[in-house]
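Student: okay, here's the prediction I keep looking at, along with the sequence it came from:
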Amino acid sequence: MPYPVRVRLLAGSSNLGVVSMITGRSGDPAAYHPFPLPGDRPVYAPDRIADIRHVRIEISELDMEAGAITATCTLRLAAFAGPLASVAFDAVDLGVSSVVDERGQSLAYDNDGRRLTVRLGRPLEEGRETELSISYRATPHRGLYFNRPDDGYPARPRQVWSQGQDQDNRHWFPCHDAPNHKQTSEMIITVPRGLFALSNGRLVSRHVDAGAGTETFHWALDVPHASYLVTLAAGDFAELVDEGGAVPLRAYVQRGREEDAARALARTPEMMRFFAERLNYPYPYPLYAQVFVADFIFGGMENTGATTLTDTALYDERAALDYDVDSLVAHELAHQWFGDLLTCREWPHAWLNEGFATYWEALFTEQHNGWDEFRYEMWKNANHYRDEDSNHYRRPLVERTYRQPIDIFDGHLYEKGSLVLDMLRHELGDERFFRAMQHYVHSNARRTVITSDLARAVEEATGRNLDWFFEQWAYHGGHPALDSSWSWNPDHNQAVLTVKQTQPQDSLTPLFRVSLDVVFHVRGHEPVPLRLPVQDKEHVVHVALPARPWLVQLDPGDRVLKSLNFERDEVQEREQLAEDLDVIGRIRAAQALGKRATPSAVAALARAVREDRFWGVQAEAARALGAARTTAARDALVSLMDIAHPKARRGVVDALGAFKGDGIAAAALSTLLRRGDSSYFVEAEAAKSLGRARIDEALETLTWVMAEKESWEEVIRRGALDGMGELRDRRAIPLLMQWTRPGKNQIARGAAVAALAKLARGEDKDDLVERLTDLLEDDSFRVLMRTIPALKDIGSESAIPALERLAARHLDGRVVRACRVAIRDIRAGTSRDSEVASLRDRLEAIEQQNRELRDRLAALEARGTPA
Ligand SMILES: [Zn+2]
């Protein structure tokens, strides 16, 4: 489904990993919140009232000004078991004017605004088909959206686009609006001449009516699909055509952005070949179209054969230096198999859509960018999931207790889902894993699936019964917390390795069974690999080796989802950072060295930032220098601000923000901003870091950045807005207020909201709370999704009535759940984030003291021992 707006798109690399390492509390059962909110009940797929075989939507008028449609929807259906006297469809607020059968006979119906129940003239016998045509007019508030210019955004293009997932298409055509049923579809749409209209499948015909000033587009899809995948997108689009591959490709984009669209979608043909080959299953539809629309409420949506993408995924040449949207494009394309061809039968099993799309997006990274990038991406997925697990809630992957399906489209469904598939691959080995994937696709194509269908396909293809695997990963929550250490027994030439599972068990969190790879490296000898089947609380393994190993790799590649505490000494960590072939091993070594913060650890980290061959390790080593917070670490970072890879440089600049109150770090960041950098993202990060450094002069530079720095999607100004929030300088309030107003970039407005919330502390926060509460009336989804958590963080009870009103009226489930969580937390008076913030402040003060002590100690030691 919807590729969430939140995470990767526009966010770039994050340092969530570091946060979750510091606060990681996954071991403590009291530390995780339950997922369901008060009043949530188990949800089951609805009954299928009739076997709907085909849906034909004919929109005779698309009223762009009124945001309305006039349409006739014709459904061909049969009875599952006759005789069938009436059928009911999901249909929200459709102004139905008539229902007729295939002979044109009017039928009686009952329309309560939620369901349309039609009484069939003659009861339908089992196996017999009939056709119903429903004529209606609708002004949809969900499902179908009309973009128009307004005072704030006079340049907004006139476009219409749909977003059906999870259950919103019922707002613009009557249907069985649940994924447990599939039908073929057809869309015949008449639009004002000059607009192009896109729907699913192939374009059967287009026809101009010069007299009426309209054009009619007729689309048809012969492969059955779920109602939520039916799409419509219309606008004054330029068309990009690529007929060079096995599948015809089309892209539609607002005129003037053709080059940006070509840039964003450049690797679509390569992705198409890769997925079809790896799955041994050709792309299943006649055409693959991608359309960019403005103000889209997700990152992307995999409508069958016709993906919708946000136009914020269009980026310019300068952004292309260190940014692309391959992950988004690959994600939606992967859904054409996983989601569209094989569809989760009910939302609780939606990881079969989202976990798969997220994993196959990563598999394209492996294909295109290699193993290191792939493992780093999976490591970030793991951090994202662990952050949700320790800071928000723990839940099983298959979760059926929720208010609205969108509630479960989270870091479990996407990121953890991808990690579960990666562990399945680890368990089976590559050959058997891909054989199982192919069998799963071939045996379930055009059908709906639940988790047991995957388990069965794996067993049929490989003989492996993995019920235990799915039991722990899909139907339970959490992950193993491993404590490990090793020692050398010189008398027997043995390494003694201990692995303990320390997570407390409860009904949700089991004792896990995982296959942990361990590799012992002895200089001058071949590595000794071992696969340790961990399933008990404690394992002790004795391994005979020719000599003491210099490196013990525990789970190289980070193939098992876990939290890990692995004890080594500093020498081992330094050698691992310098020489481990596994990027995650090097990153873990860097993080451990950052905590040590000794002069030798800092020197090793600085060398890694300068010399490591993978930018991800360079960036993480830089962040570890930030965590070390010694003067030597700061000096090293300042000297590394010119390293070549922009993503590594961004890590360096990010790390400098850790030096609070440090004039030298702040001056270096200011200089970078005044001078400029080839990368938007490095400048944005520098602005944010400058705020984090919290010196008084920072505001002047940030204000200058706000005045001067134009960038794609306001990336740099967003960094400065973030920085103003970090700075906690109330003089920034007027500027921040100004940036919350309509007319500004919507993502930047959200950043201004979040910054204001950080300034809302102490006595005089009432004016800010008032402004934020006013923003709960805003039209922008992005603004709401920053404002609600901001009010939660502030913990202001005065916001509760407005949050309650919003929860009751808003039609976006994400907004509703955010409100409910905010209300719960404000009421409980346990605003977690303010607690975290105050603990962080205390921690920072202590670390600052440590840093000063370390510096004094190092200075004394450097003087040498008196003679
Ligand atoms: Zn998705």
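Tutor: Cool, got the structure.
Student: CA atoms for contacts and neighbours, from now on please.
Tutor: OK.
Student: next, the residue of the stretch 101-250 of the chain found nearest the ion: secondary structure please.
Tutor: Minimum separation of the stretch 101-250 of the chain from the ion (Cα to the ion) falls at Gln165, amounting to 10.3 Å. Per DSSP: H, G, I helix; E, B strand; the rest coil, the local secondary structure of Gln165 is coil.
Student: give me the neighbour count for the residue lying closest to Thr631 once chain neighbours are set aside.
Tutor: Excluding the flanking residues, the one nearest Thr631 by Cα to Cα, 6 or more residues apart in numbering is Asp855, at 6.9 Å. When neighbours are defined as other Cα atoms under 10 Å, Asp855 has 17 of them.
Student: then Glu567?
Tutor: For Glu567, using other Cα under 10 Å, the count is 14.
Student: with Leu577 instead?
Tutor: Using other Cα under 10 Å, Leu577 has 29 neighbouring residues.
Student: could you find the closest non-adjacent residue to it?
Tutor: Arg586 (4.4 Å).
Student: what sits against the one you found?
Tutor: Counting by Cα atoms under 8 Å, 6 or more residues apart in numbering, Arg586 touches Gln576, Leu577, Ala578, Glu579, Asp580, Val617.
Student: now go through those and say which are in strands.
Tutor: In strands, judged by DSSP state E, none of the contacts of Arg586 are found.
Student: neighbour-wise, which one of those leads?
Tutor: Leu577 (29 neighbours).
Student: what's near enough to touch that residue?
Tutor: With Cα under 8 Å, 6+ apart, Leu577 has these contacts: Gly585, Arg586, Ile587, Ala589, Ala590, Ala604, Leu605, Ala608.
Student: in stretch 462-469, what's buried?
Tutor: Using 16 or more other Cα atoms under 10 Å as the test for burial, stretch 462-469 gives Thr462, Leu466, Phe469.
Student: my bad, should have said stretch 582-600
Tutor: Neighbour-count burial for stretch 582-600 [16+ other Cα under 10 Å]: 582-599.
Student: what about the residue nearest to Val160 when sequence neighbours are not counted, how many residues nearby?
Tutor: Leaving aside its sequence neighbours, Val160 sits nearest to Phe146 (Cα to Cα, 6+ apart; 4.6 Å). Other residues near Phe146 come to 22 when the count uses other Cα under 10 Å.
Student: just Glu526 next, same as before
Tutor: Residues near Glu526, counting by other Cα under 10 Å: 9.
Student: what's the pLDDT at it?
Tutor: pLDDT recorded at Glu526 is 97.
Student: may I have the secondary structure class of it?
Tutor: Secondary structure, three-state DSSP: Glu526 is coil.
Student: same question for the one 5 residues further on.
Tutor: The three-state label for Arg531, taken from three-state DSSP, comes out as strand.
Student: show me what it is bridged to.
Tutor: Applying DSSP bridges to Arg531 gives these bridge partners: Asp517.
Student: what residues are up against it?
Tutor: Arg531 neighbours (Cα under 8 Å, 6+ apart): Ser515, Leu516, Asp517, Val518.
Student: among these, which one lies nearest to Pro36?
Tutor: Using Cα to Cα, Ser515 comes nearest to Pro36 of the contacts of Arg531, at 31.4 Å.
Student: in the stretch 501-650 of the chain, which spans are helices?
Tutor: Applying DSSP state H, counting those that start in this stretch to the stretch 501-650 of the chain gives helices spanning 570-579, 583-596, 599-611, 615-628, 631-639, 646-656.
Student: turn the ones you listed into a markdown table, columns for mean pLDDT and distance to the ion.
Tutor: Converted to a markdown table, the helices of the stretch 501-650 of the chain look like this (pLDDT from 0 to 100; distance: least, Cα to the ion, whole Å):
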| stretch | mean pLDDT | distance to the ion |
| --- | --- | --- |
| helix 570-579 | 98 | 35 |
| helix 583-596 | 98 | 26 |
| helix 599-611 | 98 | 34 |
| helix 615-628 | 98 | 25 |
| helix 631-639 | 98 | 38 |
| helix 646-656 | 98 | 26 |
